[in-house]
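K.L.:
below are the sequence and a predicted model; questions follow.
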Amino acid sequence: MLSKRFGRLATGTLAGAMLMAAAACGGGSTGGETTASTSPGTETNAPAASGLKVGLAFDIGGRGDKSFNDAAYAGLEKAKAELGADIKELSPAADGSNRAELLTQLVDAGYNPIIGVGFAYGEDIKKAAEENPDVQFAVVDSASNAANVTGLLFAEEQGSYLAGVAAATKAKSGHVGFVGGVENDLIKKFEAGFVAGVKSVKADAKIDVKYLTPDGDFTGFRAPDKGKVAAEKMFQDGAEVVYHAAGDSGLGVFQAAAAAKKKAIGVDSDQRQTVTEPELQEVIMTSMLKRVDVGVFEYIKAFQGGAKGGSDIVYDLKVDGVGLSTTGGEIDDIQDKIDAAKKDIVDGKITVPAKP
Amino acid sequence: MPAGLYRALLTVAGAIIAILVAIGISSVAIVAAGANPGDALAAFFDFGARESSVSNSIARMLNRAVPLFLAGLAVAVGFRMNLFNIGVEGQYRIAAVCAAYVGSTFVAPAPIQITVIIVVAAAVGGFYALIPAVMKVTRGVNEVISTIMLNYIAINLAAFLVRGPFAGERAKGQLTTTTPVLPESAWFPNMNWLLEAVGLPAPRGGGVWGFLLVAVVVGVALWVVLERTKFGFDVKASGLNPTAAFASGIGPKRMVISAMVLSGGIAGLIGLPEILGDQHAFGTNFTPGLGYLGIAVALLGRNSPWGIAVAALLFAFLDRAQGPLQFAEVPPSVITIMQGTIVLLVVIANEITSRIALRREERRAARELGKVSA
Amino acid sequence: MNAETPAVQLEGITKRFPGVVANHDICITVQPGTVHAIVGENGAGKSTLMKILYGMQKPDEGTIKVNGREVAFRTPSDAIDAGIGMVHQHFMLADNFTVLENIVLGAEPRKAGVMLDAGRARARINQLAESHGLRVDPDRLVEDLGVGDRQRVEILKVLYRGARILILDEPTAVLVPQEVEELFENLRELTAGGLTVIFISHKLDEVLSIADAITVIRRGTTVASVDPADVTARQLAELMVGSELPTPETRESTVTDTVALRVSHLTLEADGRALLDDVSFDIRKGEILGIAGVEGNGQSELIEAIMGMRPVSGAVELAEQDISAWSTLRRREAGIGYIPEDRHRQGLLLEASLWENRVLGHQTRRPSRSGIWINRRAARSDTQRIVDTYDVRTPGVDTLALALSGGNQQKLIVGREMSGEPKFLIAAHPTRGVDVGAQAAIWDHLREARAAGLAVLLISADLDELIGLSDTLQVIYRGRLVARLDPSDVTPERLGGYMTGAITGTKET
């Protein structure tokens, strides 16, 4: 029996625990209403069913993150529209404890190929691939680790370099910032490229760097409050442009920028289009595009053409796997400068570091 | 009917009604999300068409239940003494990273290897829980606050250890970091025979984690300790009425420390099923949040090992439907809604049923009062 | 007087709870302007009756007439509207508010809709206090007031809400004799002013001295209505229990020469105030030492010092062995029993079964324990022994302690503390809130144990109990033992004088 004190405390604790759980599942709960704008979507002249069944498992956050996962979904939808693929996408539990299970369930339901979105799938894909040698797998952001696994990698540092060039050129004071979601090697690539890009324009530029959570704690990708606090601090200290690579937390960066009447750079998809609030759209001067949609679509197309796994495909500037968005026209005036930097990278004149 | 049996039956009846009401409330949420409650209900019971899928589903459910059960036990030990060990979250993470690392540094015959890992995990968890306990008895620091703070430290410390001093080699292009992979002698044998015994094929992946056995032993042992021993009586007395316990010679400081250390020791085991049964290392993908879920499981299970076992299985049953629900086009957040409403309603039902039981006993006692004494 | 309309008339009131009839065919007629006492054992149905009269419960049968008009209360506010007010046994006052604020709380006169009209409230309170002789300073904080003053505030609170009929539930339980006298003065003034008082008590001497009429309730029904002039306390008590009564009178002494417990120079200070000031005494085997004192004069601290629950300077010896450094557990194991002053706070696990309560305090001793285990079977059967021997009225030993009435809980505690052959027993208010039947039984058990050589430290607010049971009496005042009295030639009044510090100094023997 619950004593009075116990009952009261328990109820309070329970409410807290439920809030935590609710916050944790926030990303996944928005479900199926968001459609990434890059999707060619609902064309009626889609080819008839091709027998192609493509399964896709999202990372934590799932559909509707207006960024990484949605970009992957856009590629999947394109495959549905253009290749006539039968598609199924699954989101994991908030704690990511069932990634492996989602892959198994897709295999059981007869999907092939199966794409895991996010480096967290690396190990699970490997195991699933070994158990199901007849099924082809792909993993975004992680290298191939089995004969039937294709690694879909992106040269984020190159895109981030261009973001750095844009930020440094626009920031008159030479003070910019970078907000990373989780301090792991992947996000450090963004930081490294960005810093290099900024320094190429202004060697003495001041760059504030803040990671929301340490390696292993993925809450940094879905904590807009933390993102907001970090960016607010940077803007207060004088930063003029803040670039984020923080998933959902980027929303907080945009809010801080809007409040401070400063600028921000989005990430993964064209966030000026995917963010719904007009006042937030205005602060996004550009976004570092990571064409996960291109990667996913190209992979499915290649699979249909008979390609097998066992190797990595790197999407870089050369193939426009990464780049900057121009929605809003805010960087039109410096486009030549960006194009020059891009050309140098593509030509190999500049090698962008992948580690800070 | 004996008072104890009556109370137990009433509790079960209350819980069942609460779950039915929770299903009703969740149905409203499902309809609001534009899906069909019937589909959702079917998805919960959809264990797959083929035998191999059924097998996988059962394995997944059991594997999910084991850490939840341990987490619930850990929280319940504190709850029994009105101690709110919110620190289970931090305790199990720090214990898991240390145990995984220590286990990878040597090779011994499997029973020894696994025992050492279990002991290290329990010791680290217990030690980490000792800190707030000592702070409470010496300085009166509220354990809720200190354990929450210690959680932050533990989470960050574990993340630091796994990518720093305890980091193992990582494959090229791999972004996740893990501790060095455990030697095979530390791989806990799976319990797939459990499924094979009923004619199902062995599930894929890690199978049914053998740590299930350890969890059952811990649960039974804890029940015996809490319900049958003097120590368990001291815990119960301190929880029900600390002043009376003190006046009866039960030292509150000793009790706080031993209950917290026991709670932390059990918490230390939460991460082991995953590490010994499946991942064979502590990595950045290690399942977080089990300590917080343990609070809900303990509440649902009314702090009794049997109740917690049922609660953990119920949570695991619901969690398992993550995939099937999405195949049925039902938003999987329904799971969290159901879990939340069930816990809340069961807590309410417990209050109501215990009041009903009490009123009945008061009446019976009053009737005795009316009788002429013998 | 009979010509007047009765202030309250209850006829055929019956209230059933499932399985139990709490009130059955109760008939009471209360004349206006009188003090009407309702007496009965605890559990006889007094509280249910008062709850019905105050609108907290609805009767199943019967009628209530107030000033000749039939009423049906659904809530206490209906009763208040009808001019009935209740002064509860436990005061319901906010300590950090002034008297005035407490009185007007919930019935504040407003100025311009929102502001408290303190001026009007003060005028009204002063007028009420004046006309009824209830002296209190409206601007003092309640926390600074003594018990008697607080009670006056409670009465004023009820009058302020327009009550003409006052129900007082056990009002003297918390008062010392002098304060009781003052209360009675107040009550007489109230009735002289035309108000009606319904006075619930089981202290028969007090009832006889204040009441104009008495109704006796036993087993849920009215058994007699008597004129106080025609009955003695003893007759009244026999009406209450329905049988012959024991008294707490002492018989020949059983005091031996062996010292069972010796405390010397116990001193305890907190915030610069001495809670215990050089307290020394011996208790010999077969002796009951009574400690008289107004609550809060060091009794609790003395108990805690002897039980080892609080560090103090000075020494405690049990059977000539220094136990000052021992833990509470070790002291209990060595043979100290403890009937706590507040059984709910210190003596029981209310939400646990009776047999678990039997184990409490004995968790390290037989029969409760064997090795690391609790011996459930032995504990259960020993609990059954206590239930039988001490006449604990319960459906069984698995019943929760919560379900028992106060008297039965207390009998269980007494039985438990007498188990395991204690050498020394602290009995703090052993019969507080206990009905007459249980009280007599508890006294008998104490007396038997004393005859068997038990040394007892008796702390009580019931002066008759102290005088009747003790072999020696000491008075504690502000942490000091100020007087040593012979219980055979001391009156409650003189004892009260020492307790309040009105008489000082002398040591008698």
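P.N.:
Nice, thanks for sending it over.
K.L.:
and the gap between C:Ala211 and C:Ile336?
P.N.:
Remark: distance between C:Ala211 and C:Ile336 (CB to CB, to the nearest Å) = 42 Å. The way it works is simple: take the backbone N, C-alpha and C, and place the C-beta from them, glycine included.
K.L.:
now the helices: where do they sit in chain A?
P.N.:
A:4-29, A:68-83, A:99-108, A:122-131, A:156-170, A:185-201, A:224-237, A:250-260, A:271-274, A:278-281, A:292-304, A:335-347 (DSSP state H).
K.L.:
low-confidence stretches in chain A?
P.N.:
A:1-50, A:61, A:65-66, A:216 (pLDDT under 70).
K.L.:
domain-wise, how is chain A divided?
P.N.:
Taking automatic domain parsing as the criterion, chain A consists of the domains A:43-154+A:293-315, A:156-290+A:326-347.
K.L.:
and the helices of chain A, which is most packed in?
P.N.:
helix A:156-170 (a mean of 28; mean count of other CB atoms under 10 Å in any protein chain shown).
K.L.:
helices or strands up against it?
P.N.:
With contacts taken as 3 or more CB pairs under 8 Å, 6 or more residues apart in numbering or on different chains; DSSP states H and E, helix A:156-170 sits against strand A:175-183, helix A:185-201, strand A:241-245, strand A:263-268, strand A:284-290, strand A:322-324, helix A:335-347.
K.L.:
out of these, flag the one nearest chain C.
P.N.:
strand A:175-183 (46.4 Å; CB to the nearest CB).
K.L.:
give me the sheet partners of that closest one and which way each runs.
P.N.:
strand A:206-214 (parallel), strand A:241-245 (parallel) (DSSP bridges).
K.L.:
the inter-axis angle of the shortest one versus strand A:263-268?
P.N.:
In other words, strand A:241-245. Interaxial angle of strand A:241-245 relative to strand A:263-268 (axes from the mean of the first three to the mean of the last three CA atoms, to 10 degrees): 20 degrees.
K.L.:
returning to what we had before: distance to C:Ile372 for the domains of chain A - can I get that in TSV?
P.N.:
Shown next, in TSV, are these (distance: least, CB to CB, whole Å):
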stretch	distance to C:Ile372
domain A:43-154+A:293-315	38
domain A:156-290+A:326-347	41
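K.L.:
out of the ones you listed, which gets nearest to B:Ser104?
P.N.:
domain A:43-154+A:293-315 (16.2 Å; CB to CB).
K.L.:
and that closest one, is it in reach of chain B?
P.N.:
Yes - counting by CB under 8 Å from any CB of the partner chain, chain B is contacted by domain A:43-154+A:293-315 at A:88-102, A:104-105, A:108-109, A:119-120, A:122-123, A:127-128, A:131, A:141-145, A:151, A:153, A:312.
K.L.:
of these, list those near chain C.
P.N.:
Within the residues of domain A:43-154+A:293-315 next to chain B, nothing lies near chain C by CB under 8 Å from any CB.
K.L.:
and of the domains of chain A, who's closest to C:Arg332?
P.N.:
It is, among these and with distance given as CB to CB, domain A:43-154+A:293-315, at 48.5 Å.
K.L.:
excluding sequence neighbours, find me the nearest residue to B:Leu68.
P.N.:
Distances taken as CB to CB, 6 or more residues apart in numbering or on different chains place B:Ala312 nearest to B:Leu68, at 4.0 Å, with adjacent residues excluded.
K.L.:
any low-confidence regions in chain C?
P.N.:
For chain C (pLDDT under 70), the answer is C:1-3, C:17-21, C:41-44, C:107-116, C:241-251, C:433, C:435-436, C:504-509.
K.L.:
still on that earlier bit, where does the residue nearest to B:Leu68 sit, in terms of helix or strand?
P.N.:
Using DSSP states H and E, the element containing B:Ala312 is helix B:305-320.
K.L.:
average pLDDT for that helix?
P.N.:
Averaging pLDDT along helix B:305-320 gives 94.
K.L.:
what's it in contact with?
P.N.:
Identification of contacts with helix B:305-320 by CB atoms under 8 Å, 6 or more residues apart in numbering or on different chains yields A:93, A:97-98, A:101, B:19, B:44, B:57, B:60-66, B:68-69, B:72-73, B:76, B:219-220, B:222-223, B:226, B:293, B:296-298, B:300-301, B:335, B:338-339, B:342.
K.L.:
now the buried members of those.
P.N.:
A:93, A:97-98, A:101, B:19, B:44, B:57, B:60-66, B:68-69, B:72-73, B:76, B:219, B:222-223, B:226, B:293, B:296-298, B:300-301, B:335, B:338-339, B:342 (16 or more other CB atoms under 10 Å in any protein chain shown).
K.L.:
and chain B, what are its domain boundaries?
P.N.:
Split by automatic domain parsing, chain B gives B:1-46+B:322-374, B:64-320.
K.L.:
any idea how far C:Phe29 lies from C:Asn67?
P.N.:
Not Phe; residue C:29 is Thr. 12 Å.
K.L.:
now do the shared contacts for these two.
P.N.:
With CB under 8 Å, 6+ apart as the test, C:Thr29 and C:Asn67 both reach C:Pro6.
K.L.:
give me the neighbour count for C:Val490.
P.N.:
Residues lying near C:Val490 (other CB atoms under 10 Å in any protein chain shown) number 20.
K.L.:
quick one: it and chain B, what's the gap?
P.N.:
31 Å (CB to the nearest CB, to the nearest Å).
K.L.:
try A:Ala340
P.N.:
With CB to the nearest CB as the criterion, A:Ala340 and chain B are 31 Å apart.
K.L.:
contact partners for that residue?
P.N.:
By CB under 8 Å, 6+ apart, no residues touch A:Ala340.
K.L.:
residues contacting the closest residue in space to A:Tyr111 that isn't next to it in sequence?
P.N.:
Nearest in space to A:Tyr111, with sequence neighbours left out and distances taken as CB to CB, 6+ apart, is A:Gly55 at 3.2 Å. For A:Gly55, the contacting residues are A:Ile87, A:Lys88, A:Glu89, A:Leu90, A:Leu106, A:Val107, A:Ala109, A:Tyr111, A:Asn112, A:Pro113, A:Ile114, A:Ile115, by CB under 8 Å, 6+ apart.
K.L.:
distance to A:Phe303 added to these, as TSV?
P.N.:
As requested, the contacts of A:Gly55 are exported to TSV (distance: CB to CB, whole Å):
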residue	distance to A:Phe303
A:Ile87	13
A:Lys88	15
A:Glu89	16
A:Leu90	19
A:Leu106	15
A:Val107	15
A:Ala109	17
A:Tyr111	12
A:Asn112	8
A:Pro113	5
A:Ile114	10
A:Ile115	10
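K.L.:
strands along the stretch 301-450 of chain C, start to end?
P.N.:
C:313-318, C:321-322, C:336-339, C:369-370, C:373-374, C:424-428 (DSSP state E, counting those that start in this stretch).
K.L.:
just name the most buried of those.
P.N.:
Highest mean neighbour count of the strands of the stretch 301-450 of chain C: strand C:336-339, a mean of 26 (counted as mean count of other CB under 10 Å).
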